[in-house]
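Undergrad: Sequence and predicted structure are below.
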Amino acid sequence: FSKETVDASPSFIEVLDLFQQFMAKYSLFQDKTAVFVTDGPFDIRDFVTKECRASGLTRRPEYFCQPWVNIRELYREFYKFRRGGNIGWMLSHLDMTFTGRQHSGLDDARNLVTIAQRMKADGCLFKSNIRWYNNRRR
């Protein structure tokens, strides 16, 4: 992305507000159950937490404090690998290729959906498998 695109983008707080409106529209985390699916613990544990602090929030919003699915770990367990790997590694073991630009949040998310769909088709049951309290895993 260009500097102009980044500069013209909404702030983190504005994005959180839009995200909360989206979740409220579909009653996610309220009337309907929902869970985040991430490629490892980093996205919520590190990146969201750091953005919240940088934006002046004292803590993550409650929906980011709920247990979530670490698809990297779930993939490793489901397909019985001793060690796991990143999105590209998971795709390659499914005879798939990465679509888009690696480390682009949107492209990474789209590829995670592809992996999750394949895992579901292969019989995987998605359950939360990670939660962080005060920077500690439980």
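TA: Structure's in. What do you need? In this text, all values refer to a predicted model and were calculated from it rather than measured experimentally.
Undergrad: and Leu28, how many neighbours?
TA: 16 (other Cβ atoms under 10 Å). Using the backbone N, CA and C atoms, a C-beta is placed for each residue, glycine as well.
Undergrad: no wait, Arg60
TA: Residues near Arg60, counting by other Cβ under 10 Å, number 17.
Undergrad: tell me the pLDDT at it?
TA: Looking at Arg60, its pLDDT is 90.
Undergrad: right, and Arg59 touches Val48 too?
TA: No. The criterion here is Cβ atoms under 8 Å, and Arg59 misses it with Val48 at 10.7 Å.
Undergrad: Looks like His93 contacts Tyr79 (just checking).
TA: Yes. Between His93 and Tyr79 there is a contact under Cβ under 8 Å: 7.0 Å.
Undergrad: how close does Asn70 sit to Arg76?
TA: Distance, Asn70 to Arg76, using Cβ to Cβ, to the nearest Å: 9 Å.
Undergrad: longest helix in the protein, by residue count?
TA: helix 105-121 (DSSP state H).
Undergrad: tell me which residues of that helix are tucked away?
TA: Using 16 or more other Cβ atoms under 10 Å as the burial criterion, the residues of helix 105-121 that qualify are 108, 111-112, 114-116, 118-119.
Undergrad: do the same with stretch 46-54
TA: 48-49, 51-52.
Undergrad: List the residue ranges of this protein that fall below the pLDDT cut-off.
TA: Residues of the chain meeting the criterion pLDDT under 70: 1, 133-138.
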